[in-house]
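Chemist: have a look at this prediction, sequence included:
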Amino acid sequence: MSQDTSETPWTRYAPVQAWDEAMDVKGKVREPYARVYAEIDRMSGDDLFARAESLANTYLAQGVTFDHAGEERPFPLDIVPRVVGADEWDIISPGVAQRVKTLEAFLADVYGSQHCVNDGIVPRRLIASSQYFYRSVAGIEPTNGVRVHIAGIDLVRDQHGIWRVLEDNVRVPSGVSYVLSNRRAMSQMFPELFGAMGVRPVLEYSQRLRSSLAKAAPEDVDDPTIVVLTPGVYNSAYYEHSLLARTMGVELVEGRDLECHNGRVYMRTTAGRRRVDVIYRRVDDDYLDPVVFRSDSSLGAPGLINAARLGNVTIANAVGNGVADDKLIYTYMPDLTRYYLGEDPILPNVDTWRLEEPDALAEVLDRLDELVVKPVDGAGGKGVLIGPKASKEELSQARSQILEDPRGWIAQPVVQLSTVPTLTEEGLEPRHVDLRPFAINDGSDVWVLPGGLTRVALAKGQLIVNSSQGGGSKDTWVLGGVRHRGSMSPPPESRVEFSGVTAVPQAAHPDDYVGQQQAQQQQQQQLADEGSTPC
């Protein structure tokens, strides 16, 4: 980037029509970004690019990479953090916790007495037609009443600066490894800013997670054995599985390491069998137990569901949670919050049309070129149609798909996601972002990780932030922690080591379930080639 010596990286920065989180429309820096702005303002463009290159090299060394056209590249972590003020977090954190409590109540109800159906809050046909509702797990009561041990709630900020929930992830929410890795890398890059700004720490996540899982153990267990169940090294999120097992101090196992006897689950070790009490599973429902689900799966273990039903093992997150991720259920969340909690939602939804309703279907088809259309079971930005940017052929195809299966789609207005300064080849430019805060539920409290995964659309004007669509990530700095004035020493988080974590390249995205089935099939084929058999 050619740059006049009088210029700084901010000189040509110009917010667009969306809400810019660093500057207002007049170019005034918003208060949470004041110190970040000042720090970057002291740099030249070359200095900023040099730091960005150093950051990318750090990720290569850690193995936080993805495969692009056969080339291993560092996962895009932008050098400019996303800063969230303490007052904003005081809305987000209780809003996410409230959302998790509602989802928890809904799942307990839908797999129990279904009062929400009988009272007319949610149509029975919606539950019955959801591909993620499993009658085979109805009646399983978790030890401490928790089904959503870990949640990832995707948020966006609209053109008015209002935080809104975009979707819920309570099956196997992924991406927290990026949060932890991003923080460690960025705290080394800007050590002085962390202390001066009072950025809240995130690296306590693993111990919070372990504590929550321990509280979910069967009632007769005082010192539970916890394991992380992975599909194996071919899975797109294996790095995350390895990192979490290592930082929690628990075993990372595959299905072939587990066996079930007399309603209990055991892990094979060099010292013999050892009882397993809690399984933090990173395997999809359909692959967990070949007795109940897919008979050809070797990614889980026969008998897991029976052991869970008997109360001898806890599976986190609970099997069947996917019914709450259905984007049609999403449209009922405001009503469900009032129904279960007696409260108005703190974080509103994005306005949404249910296309199974005739009036809504007619309106959406009439305005298809103005709206965003999404499959109800989609993830990773796959299958999303942005009407104003779609071709005539794409609009025609979408119309046919919607008419064929109205229940399979929802529609929303185009939300101009907020923008955050992002380093591009041309310098700092505004790019659209979302935010996935992670919440841990231990049965008595919902703790929200202060920050979360900020995903950024690196292409100019792109609204789909998923890295499978070319996006990257940012470290999310939540203010309001302890400030250390005048200290230039690295913050404690920069000194946390992830030693022992297998440096396996990540897939190109941390999104739930995208490409997961293919990865699992690859793992199964590998097992077959090795002559392995299900336990």
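Modeler: Thanks, I have it.
Chemist: okay, CA-based contacts and neighbour counts for the rest of this
Modeler: Will do.
Chemist: where does V233 land on pLDDT?
Modeler: We have a pLDDT of 88 for V233.
Chemist: and it, which helix or strand is it part of?
Modeler: Using DSSP states H and E, V233 maps to neither a helix nor a strand.
Chemist: show me what contacts the nearest residue in space to V146 that is not next to it in sequence?
Modeler: In space, V146 comes closest to G443 once its chain neighbours are excluded; the distance is 5.8 Å by CA to CA, 6 or more residues apart in numbering. By CA atoms under 8 Å, 6 or more residues apart in numbering, the contact list for G443 reads N144, G145, V146, S212, K215, A216.
Chemist: farthest-separated two in those?
Modeler: G145 and S212 (12.1 Å; CA to CA).
Chemist: of these two, which one has the most company?
Modeler: Taking neighbours as other CA atoms under 10 Å, G145 and S212 compare with S212 leading, 22 against 15.
Chemist: and that one, that one's in a helix?
Modeler: Yes: judged by DSSP: H, G, I helix; E, B strand; the rest coil, S212 forms part of a helix.
Chemist: check contacts around it.
Modeler: Counting by CA under 8 Å, 6+ apart, S212 makes contact with H149, I440, N441, D442, G443.
Chemist: same check on W10?
Modeler: I40, D41, L428.
Chemist: in the contacts of S212, find the pair that's most separated.
Modeler: Maximum distance among the contacts of S212 (CA to CA): 9.3 Å, for I440 and G443.
Chemist: so what does the lengthiest strand in the chain touch, helix or strand wise?
Modeler: The longest strand of the chain (DSSP state E) is strand 427-436. Other helices and strands packing on strand 427-436, by 3 or more CA pairs under 8 Å, 6 or more residues apart in numbering; DSSP states H and E, are strand 150-157, strand 419-424, strand 453-456.
Chemist: among the ones you listed, which is nearest L347?
Modeler: Among the helices and strands packed on strand 427-436, strand 150-157 sits nearest to L347 (CA to CA), with 8.9 Å.
Chemist: now do the closest one: everything it contacts.
Modeler: For strand 150-157, the external contacting residues (CA under 8 Å, 6+ apart) are 19, 96, 100, 163-174, 316-317, 417-418, 433-441.
Chemist: right, and the helix or strand after it?
Modeler: Immediately after strand 150-157, counting by DSSP H and E, sits strand 163-169.
Chemist: run through the neighbouring helices and strands of that next one.
Modeler: Using 3+ CA pairs under 8 Å, 6+ apart, strand 163-169 sits against strand 150-157, helix 327-341.
Chemist: can you dump the C-alpha coordinates of the last one into PDB?
Modeler: Translated: helix 327-341. Extracted in PDB, the C-alpha atoms of helix 327-341 (Å, rounded to 0.1, in the frame of the first residue of the first chain):
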ATOM      1  CA  LYS A 327     -34.800 -21.800  12.500                       C
ATOM      2  CA  LEU A 328     -38.600 -22.100  12.800                       C
ATOM      3  CA  ILE A 329     -38.300 -22.600  16.500                       C
ATOM      4  CA  TYR A 330     -36.200 -19.500  16.500                       C
ATOM      5  CA  THR A 331     -39.200 -17.500  15.400                       C
ATOM      6  CA  TYR A 332     -41.100 -18.600  18.500                       C
ATOM      7  CA  MET A 333     -38.300 -17.700  21.000                       C
ATOM      8  CA  PRO A 334     -39.800 -14.400  22.100                       C
ATOM      9  CA  ASP A 335     -43.100 -16.100  22.900                       C
ATOM     10  CA  LEU A 336     -41.300 -19.000  24.600                       C
ATOM     11  CA  THR A 337     -39.300 -16.600  26.800                       C
ATOM     12  CA  ARG A 338     -42.500 -15.000  28.100                       C
ATOM     13  CA  TYR A 339     -44.100 -18.400  28.500                       C
ATOM     14  CA  TYR A 340     -41.300 -20.100  30.500                       C
ATOM     15  CA  LEU A 341     -39.600 -17.200  32.200                       C
END
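Chemist: looking at the residue nearest to V146 now. What's its pLDDT?
Modeler: So G443 comes in at 94 (pLDDT).
Chemist: same check, this time on A503
Modeler: pLDDT recorded at A503 is 42.
Chemist: cool, V514 as well?
Modeler: Looking at V514, its pLDDT reads 40.
Chemist: over to G451?
Modeler: At G451, pLDDT is 92.
Chemist: also E39?
Modeler: pLDDT recorded at E39 is 94.
Chemist: just the element for it, please.
Modeler: Using DSSP H and E, E39 falls in helix 34-41.
Chemist: next, the angle strand 419-424 makes with that helix.
Modeler: 20 degrees (axes from the mean of the first three to the mean of the last three CA atoms, to 10 degrees).
Chemist: could you dump helix 34-41 to PDB, C-alpha only?
Modeler: C-alpha atoms of helix 34-41 as PDB (Å, rounded to 0.1, in the frame of the first residue of the first chain):
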ATOM      1  CA  ALA A  34     -10.300   5.400  21.700                       C
ATOM      2  CA  ARG A  35      -7.200   3.600  22.900                       C
ATOM      3  CA  VAL A  36      -7.100   1.100  20.000                       C
ATOM      4  CA  TYR A  37      -7.400   4.100  17.600                       C
ATOM      5  CA  ALA A  38      -4.600   6.000  19.300                       C
ATOM      6  CA  GLU A  39      -2.300   2.900  19.300                       C
ATOM      7  CA  ILE A  40      -2.800   2.300  15.600                       C
ATOM      8  CA  ASP A  41      -2.600   6.000  14.800                       C
END
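Chemist: show me which positions of that helix end up buried.
Modeler: V36, Y37, I40, D41 (16 or more other CA atoms under 10 Å).
Chemist: I figured Y33 hits V80, correct?
Modeler: No: in this structure Y33 lies outside contact range of V80 using CA atoms under 8 Å: 10.3 Å.
Chemist: residue boundaries of the helices in the stretch 51-200 of the chain?
Modeler: 86-110, 115-118, 124-128, 176-189, 191-197 (DSSP state H, counting those that start in this stretch).
Chemist: could you pull up the mean pLDDT of stretch 102-118?
Modeler: 97.
Chemist: enumerate the positions of that stretch that are buried.
Modeler: Of the residues in stretch 102-118, those buried (16+ other CA under 10 Å) are 102-111, 114, 116-117.
Chemist: what's the burial count for the residue nearest to L458 when sequence neighbours are not counted?
Modeler: Residue nearest to L458 in three dimensions, not counting chain neighbours: G471, with 5.2 Å by CA to CA, 6+ apart. Applying other CA under 10 Å, we find 23 other residues in the vicinity of G471.
Chemist: go on, Y205?
Modeler: Y205: 23 surrounding residues under other CA under 10 Å.
Chemist: look up how far L243 lies from it.
Modeler: From Y205 across to L243, the span is 12 Å (CA to CA, to the nearest Å).
Chemist: same check, this time on V253
Modeler: 13 Å.
Chemist: ok so, going back, out of the helices and strands packed on strand 163-169, which comes closest to P450?
Modeler: strand 150-157 (12.6 Å).
Chemist: alpha carbons of the closest one, as PDB, please.
Modeler: In PDB, the C-alpha atoms belonging to strand 150-157 read as follows (Å, rounded to 0.1, in the frame of the first residue of the first chain):
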ATOM      1  CA  ILE A 150     -22.600 -25.300  26.100                       C
ATOM      2  CA  ALA A 151     -24.400 -22.800  23.900                       C
ATOM      3  CA  GLY A 152     -23.200 -20.600  21.100                       C
ATOM      4  CA  ILE A 153     -25.700 -17.800  20.400                       C
ATOM      5  CA  ASP A 154     -25.000 -15.900  17.200                       C
ATOM      6  CA  LEU A 155     -25.600 -12.100  17.500                       C
ATOM      7  CA  VAL A 156     -25.600  -9.300  15.000                       C
ATOM      8  CA  ARG A 157     -25.800  -5.500  15.400                       C
END
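Chemist: report the contact partners of D344.
Modeler: By CA under 8 Å, 6+ apart, the residues touching D344 are P334, T337, R338.
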